[in-house]
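S.K.: got a sequence here, can you model it:
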Amino acid sequence: MAELGEKVGAQASTINKLEKGRMRLTQDWMMRLSSALGIPVVDLLDAPGSKDARPVGNVEPYTPKPGHYLSASGQHAFYKVTTAELDQHPERLEIGTVLVVDASRQKWADVAPGDVVVVEMRDAASANKKPPAILAAQFLPPNKLMSNSRGDNWIMAIDDPDLNFEPILIGTLSAAVRGS
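M.R.: From the prediction side, this is the model:
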């Protein structure tokens, strides 16, 4: 642990706390540890094999009231946060926060590390007409989406061939508005 701590600039006791779950494994810690260990970030997480489970949306479409300053925005889409899955993001995207999403950024190549993206998770089975789950998550290059919560976190690869859902990028977070 001392050697790993030295590689990431932390004491062995900090690494021990991270390993035992007594300290929160943030995105920053995951990036530092995966780099020091030479492994993908996803290998740091105990991700249950839930590829067959339908993703649960954590945002819902939001329509600003007529005359509200948000209603004048042409290239933006709006979503209201419905879970605490991004409450540890620097913007503190808590339940009820309105996400202002730049809908002109719909290519994965335009997404920067750590950007919050809004994605439709469409059922890959064409015969299945379920409405898509809409998900807000942090982007982790080259191909991962992840939560950033005080509670349990999840991570998924957007190009996983076994994923039963097709992730369609709606856009990236431009602003977060509380109390709208």
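S.K.: any buried residues in the worst-scoring helix or strand of the chain on mean pLDDT, and which?
M.R.: Sorted by mean pLDDT, DSSP states H and E, the helices and strands of the chain end with helix 12-20, the least confident at a mean of 77. Buried positions in helix 12-20, judged by neighbour count with 16 or more other CB atoms under 10 Å: 14-15, 18. Where you see a C-beta, it was placed from the backbone N, CA and C, and this is true even at glycine.
S.K.: longest strand of this structure?
M.R.: strand 165-177 (DSSP state E).
S.K.: run through who's touching that one.
M.R.: Here strand 165-177 makes contact (CB atoms under 8 Å, 6 or more residues apart in numbering) with 54-55, 70, 76-77, 91-93, 97-108, 110-111, 115-124, 132-136, 145, 158.
S.K.: how about the spatially most central residue of the chain: what's its closest non-neighbour residue?
M.R.: Computing the C-alpha centroid of the chain and ranking residues by CA atoms, centre = their mean puts A137 first, at 1.8 Å. Leaving aside its chain neighbours, A137 sits nearest to L145 (3.9 Å; criterion: CB to CB, 6 or more residues apart in numbering).
S.K.: secondary structure class for the one you found?
M.R.: strand (DSSP: H, G, I helix; E, B strand; the rest coil).
S.K.: who does the residue nearest to the centre of the chain form a beta bridge with?
M.R.: For A137, the beta-bridge partners are V117 (DSSP bridges).
S.K.: tell me what angle the longest helix along the chain forms with helix 12-20.
M.R.: For the chain, the longest helix by residue count, based on DSSP state H, is helix 27-37. Orientation of helix 27-37 against helix 12-20 (axes from the mean of the first three to the mean of the last three CA atoms, to 10 degrees) gives an angle of 110 degrees.
S.K.: got the buried residues for helix 27-37?
M.R.: Buried residues in helix 27-37, defined by neighbour count with 16+ other CB under 10 Å: 27, 29-34, 36.
S.K.: which element follows that helix toward the C-terminus?
M.R.: strand 59-61 (DSSP states H and E).
S.K.: residue contacts, A10?
M.R.: Residues in contact with A10 (CB under 8 Å, 6+ apart): none are found.
S.K.: what's the distance between it and M30?
M.R.: Distance, A10 to M30, using CB to CB, to the nearest Å: 13 Å.
S.K.: tell me where the model's unsure across the protein.
M.R.: 20-21, 24, 41-55, 72-73, 124-131, 180 (pLDDT under 70).
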